[in-house]
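Visitor: just a sequence and a predicted model for now, questions to come.
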Amino acid sequence: MMANQNFTHIETHRGCRPYNRMIFGQFLEHFHRQVYGGVFEPGSPLADAKGFRLDVIAALRELRVPIVRWPGGCFVSAYHWARGIGHDRQPSYDKAWRVEEPNTFGTDEFIEWCRLIGAEPYICTNAGTGSPEEMSDWVEYCNLDIGRWGRLRQANGYVKPHQVCYWSIGNENYGSWEMGAKTKEEWGRFVAESAKMMKRVDPSIKLLAAALPDVDWTLNLLKQAGQYLDCVSIHGYWDPLWQKDEPSDYATCMTRALEPEVAIRTTEQIIGVAGFEGQIGIAFDEWNLRGWHHPDGNSMRAIGARDRNDINATYTMADAVFSAGFLNACLRHPSVTMANMAPVINARGPLFVHPKGIIKRATFHVLAMYANLLEEYVAQNWTSCEMFTHDGNSVPALDVVATCDAARERWAIAAVNRHPLVSIRSHIAFEGKSLTGTHQMTTLSGDSPDACNDVDHPERVVPVTKDVCVEQGMVDFPPHSVNIVKF
Ligand code: AHR
């Protein structure tokens, strides 16, 4: 059954603008098997001499990951970084996730790993139990060659500075769940004092701070510390599974597809009201359709429950289609200068890592398609399409972004069909002229809305590239699909 005609009109005369590739960023937290048994597994036959899983590095290089945020997340709000450096690593108790932290993967290991995957390191500092001095000492350790901490890094075998450019002050300190949570008044002042000290160490660093699409919190932050910030950091998870791991079905997930863009617009407005439009960007530095599952408590049962995050059947075309829509929202808003999928490895991430190998989940292929097939500029497009309605909630079935090269000669259109059942035929035109001819189309759809990749069927959902013959602008986008048409 072919749905009514829809159209996408691409306006080339309005020019195009570059977008920041940092929107394809990733997040790595010391949580369950993201680090230990994920990226870092000393003794594994799949790891190198330093313990880094080589299959993981190869997969992340496929995604051309531009930046990775580390070490948390809630973990960081009681993490003392100096315990994770040097030759004598003592274990500590992780008050966030109530397990023992071996401290064998610390700052130097993280930065070495980032270099191996070709990504910028982005360090989130402890604004919970930490201090402005502990944060600025961390910058000294990474970026100076003088003073106690700079010299200690050299003594630890890293003669050249790590040159960490991206630093965040705090993680979700607005939330009662966070250790060292603060009031909005405390937060603005704390960020200002921390930023001052960090900038005194290295004025070239880019600074971000924990924020919300909420006027109260973020306007206060910007009034008190906006002068020091390059970005405000916001987070989004749209299928909350923290306490109960009951993932929503495909249709329900689709009804939440517009929420990321609402958060972006709200944050843009707050930045504008504060007088920082064009000066302070948005870093969506934790985002995922699915919230991580970690029920309260520190019993073996509660900690064991975290294994449910690794059930690959959870991550279906719902995750892939939602994630593509999220990336389209970031491409439409130049205010979004960074986004980090949470997390990159295991839990709800695009890559599942087990002792014998890796599974590229459906979302991995979306990230690979966007990172490798899109052009570097975004052009203006107008899309009209039918709505998909479920439980009384309606969202546009089609979500399209047009990308091109600077000369506007090479084009790549990202088109997402959210509808679970019907293919959508859209009329694609450039300045009123219908697209025609044979063009390459890469489609990720799986054989059902609930299709996923798992150990026993690792390639049930993979991108398929074929030539499509376009007549009078008509292009068919299959149900539950992510498509990139190049011409
Ligand atoms: O569920 C994981 C947590 O979600 C991250 O540690 C935190 O930053 C966010 O609340």
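Guide: Everything's here; your move. Since we're looking at a predicted model, the values are computed, not measured. Numbers count the residues shown, from 1 in each chain.

Visitor: which residue sits closest to residue 144, ignoring its sequence neighbours?
Guide: Nearest residue to residue 144, sequence neighbours excluded (Cβ to Cβ, 6 or more residues apart in numbering): residue 150, at 3.4 Å. From N, CA and C alone the C-beta is placed, and that goes for glycine too.

Visitor: does residue 21 touch residue 66 like I think?
Guide: Yes. The pair residue 21 / residue 66 is scored as a contact, 4.9 Å apart, by Cβ atoms under 8 Å.

Visitor: count the neighbours of whatever residue of the stretch 151-300 of the chain ends up closest to the ligand for me.
Guide: Evaluated by Cβ to the nearest ligand atom, the stretch 151-300 of the chain has residue 292 as its residue closest to the ligand, separated by 3.5 Å. Residues lying near residue 292 (other Cβ atoms under 10 Å) number 25.

Visitor: surely it meets residue 309?
Guide: Yes. Residue 292 lies in contact with residue 309 (Cβ under 8 Å); the separation is 5.7 Å.

Visitor: between those two, what contacts are shared?
Guide: By Cβ atoms under 8 Å, 6 or more residues apart in numbering, residue 292 and residue 309 have these common neighbours: 347-348.

Visitor: convert the helix or strand containing residue 16 to PDB, retaining C-alpha atoms only.
Guide: For residue 16, the host element (DSSP states H and E) is strand 6-18. Taking C-alpha atoms only, strand 6-18 is exported to PDB below (Å, rounded to 0.1, in the frame of the first residue of the first chain):
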ATOM      1  CA  ASN A   6       4.700  13.700   0.100                       C
ATOM      2  CA  PHE A   7       7.300  16.100  -0.900                       C
ATOM      3  CA  THR A   8      10.700  17.400   0.000                       C
ATOM      4  CA  HIS A   9      11.700  20.800  -1.600                       C
ATOM      5  CA  ILE A  10      15.400  21.600  -1.400                       C
ATOM      6  CA  GLU A  11      16.200  25.200  -1.700                       C
ATOM      7  CA  THR A  12      19.700  25.700  -3.100                       C
ATOM      8  CA  HIS A  13      19.500  29.500  -3.500                       C
ATOM      9  CA  ARG A  14      19.600  30.100   0.200                       C
ATOM     10  CA  GLY A  15      23.100  28.700   0.300                       C
ATOM     11  CA  CYS A  16      24.300  26.100   2.800                       C
ATOM     12  CA  ARG A  17      26.300  26.000   6.000                       C
ATOM     13  CA  PRO A  18      28.800  23.700   7.500                       C
END
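
Visitor: which is the next helix or strand following it?
Guide: strand 25-27.

Visitor: contacting residues around that next one?
Guide: Outside of strand 25-27, the residues within contact range by Cβ under 8 Å, 6+ apart are 60, 63, 65-70, 73, 119, 122, 285-286, 338-344, 349.

Visitor: filter those down to the ones near the ligand?
Guide: 73, 286 (Cβ under 6 Å from any ligand atom).

Visitor: could you pick out the buried ones from the contacts of strand 25-27?
Guide: For the contacts of strand 25-27, a burial check counting by 16 or more other Cβ atoms under 10 Å picks out 60, 63, 65-70, 73, 119, 122, 285-286, 338-344, 349.

Visitor: looking at those residues, which are in helices?
Guide: Mapping the buried ones among the contacts of strand 25-27 onto helices (DSSP state H) picks out residue 60.

Visitor: now, the buried ones among the contacts of strand 25-27 that are in strands?
Guide: 67-70, 122, 285-286, 338-341 (DSSP state E).

Visitor: neighbouring contacts of the strand holding residue 16?
Guide: Residues contacting strand 6-18 (Cβ under 8 Å, 6+ apart): 334, 376-386, 397-398, 400, 402, 404, 406, 408, 411, 413, 415, 424-432.
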